[in-house]
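Predicted model and sequence below, questions to follow.
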Amino acid sequence: MLAANFLLLAALLFCIGVYGVIARRNAVMVLMSIELILNSVNLNLIAFALMQGSIDGHIFALFVIAIAAAEVGVGLAMVLLIYRNRKSISLDELSELKG
Amino acid sequence: MILLAADGVNVAQNIGFGIIAVFMIVAALNVVTTKNVVHAALSLALVLAGMAAQYILAAAEFVAVSQVMVYIGAVMVLFLFGIMLTRAQIGKEVGLNNPTWYAGIPVAVILFGLLGWVVLDAYDDSSLFANVNDDGIIGELGVEGQQETVTQAISDGVLSIYLVPFFGMTFVLLAAAIGAIVLARKD
């Protein structure tokens, strides 16, 4: 199996995730797109671990999974807080810091 | 390190990869284009399940099981609760996209072109199993005389050379759990 298969699939999923982050307005949907991006990075790490004959990529992938779980927990808590305060989770309405 | 899924060129492996990859790409496109938030979450679950299947194809059983438990088990429940707690209407929803959503298309296309060119330039015909010999044993890992499995190698790595980052990660998880409770609690 060619390494480029895995790497191209990961690149495509990464770009789809980037498109979702840019295009979506709903904060939960943006978090979902970020999950797509993190997962594509994990696929790259696994493929490189197999190519190099090393276990380090697997360990990095497990770290990324743990950090992503922490990130989505805190992110959704913040989304809940924003929804409770403003009755909306549209990201373009959060413009208090705009210069 | 003994691999379960690696024996050089394998036609069935390529076919399985292609089928799962098509499912994942369609589901990922559905995540970023659908008008229904619950459908997006379910498509995301499909992408995550396909990712676990790809890990198994790449001989990473332990990471695949972790993916299923953490992502499909925990993160999807969090997402569904987040959707339920932040929106009232069922079914199609308007205003999910930014007014300037089309700006994302050229960014994504150019980024994919760049990444794809780099990948094809660097790894055009390099095999994924270049370090695997005929017995399915990979690299130089393992104690002499006895080969260790992938899970054994992961535990050896985490509990020796990666011990300090591992403890740092546990602290980050604890802080994130406490922070999520503090943020989301009603007071």
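Sure thing, it's come through. Numbers count the residues shown, from 1 in each chain, chains lettered A, B, ... in the order given.

Dihedrals phi and psi, A:Ser90?
The phi and psi values for A:Ser90, taken as degrees, to the nearest 10, are phi -80, psi 120.

burial of it, as a residue count?
Under the neighbour criterion other C-beta atoms under 10 Å in any protein chain shown, A:Ser90 is assigned a count of 15. Every residue, glycine included, has its C-beta placed from N, CA and C.

residue contacts, it?
A:Arg25, A:Asn26, A:Ala27, B:Gly95 (C-beta atoms under 8 Å, 6 or more residues apart in numbering or on different chains).

Take these and write them to JSON lines, including neighbour count and distance to A:Leu80.
Below are those laid out as JSON lines (neighbours: other C-beta atoms under 10 Å in any protein chain shown; distance: C-beta to C-beta, whole Å):
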{"residue": "A:Arg25", "neighbour count": "18", "distance to A:Leu80": "17"}
{"residue": "A:Asn26", "neighbour count": "23", "distance to A:Leu80": "14"}
{"residue": "A:Ala27", "neighbour count": "22", "distance to A:Leu80": "10"}
{"residue": "B:Gly95", "neighbour count": "12", "distance to A:Leu80": "19"}
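
Could you save the residues you listed as TSV and add columns showing secondary structure, distance to A:Lys98 and pLDDT?
Formatted as TSV, the contacts of A:Ser90 follow (DSSP: H, G, I helix; E, B strand; the rest coil; distance: C-beta to C-beta, whole Å; pLDDT from 0 to 100):
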residue	secondary structure	distance to A:Lys98	pLDDT
A:Arg25	coil	16	88
A:Asn26	strand	20	88
A:Ala27	helix	17	89
B:Gly95	coil	20	76
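
Closest one of those residues to B:Lys186?
Using C-beta to C-beta, A:Ala27 comes nearest to B:Lys186 of the contacts of A:Ser90, at 19.4 Å.

What is the neighbour count of the spatially closest residue to that closest one that is not a sequence neighbour?
Leaving aside its sequence neighbours, A:Ala27 sits nearest to A:Ile89 (C-beta to C-beta, 6 or more residues apart in numbering or on different chains; 4.3 Å). By other C-beta under 10 Å, 21 other residues sit near A:Ile89.

which ones are touching A:Ile89?
Contacts here follow C-beta under 8 Å, 6+ apart; on that basis A:Ile89 touches A:Asn26, A:Ala27, A:Val28, A:Val79, A:Ile82, A:Tyr83, B:Thr86, B:Arg87.

Excluding chain neighbours, give the residue nearest to the third one in space.
I take that to be A:Val28. B:Gly82 is the one closest to A:Val28 (C-beta to C-beta, 6+ apart), at 5.2 Å.

Report the two of the contacts of A:Ser90 separated the most.
Greatest spacing in the contacts of A:Ser90, by C-beta to C-beta: A:Ala27 and B:Gly95 (12.4 Å).

number of nearby residues for residue 61?
Picked chain A for this. 26.

Hmm, no, I was thinking of chain B.
By the criterion of other C-beta under 10 Å, B:Glu61 has 19 neighbours.

tell me the centre residue of chain A?
In chain A, the C-alpha closest to the average C-alpha coordinate belongs to A:Ile34, at a distance of 2.5 Å (C-alpha atoms, centre = their mean).

For chain B, see how far away that one is.
Noted for A:Ile34: a distance of 11 Å to chain B, by C-beta to the nearest C-beta, to the nearest Å.
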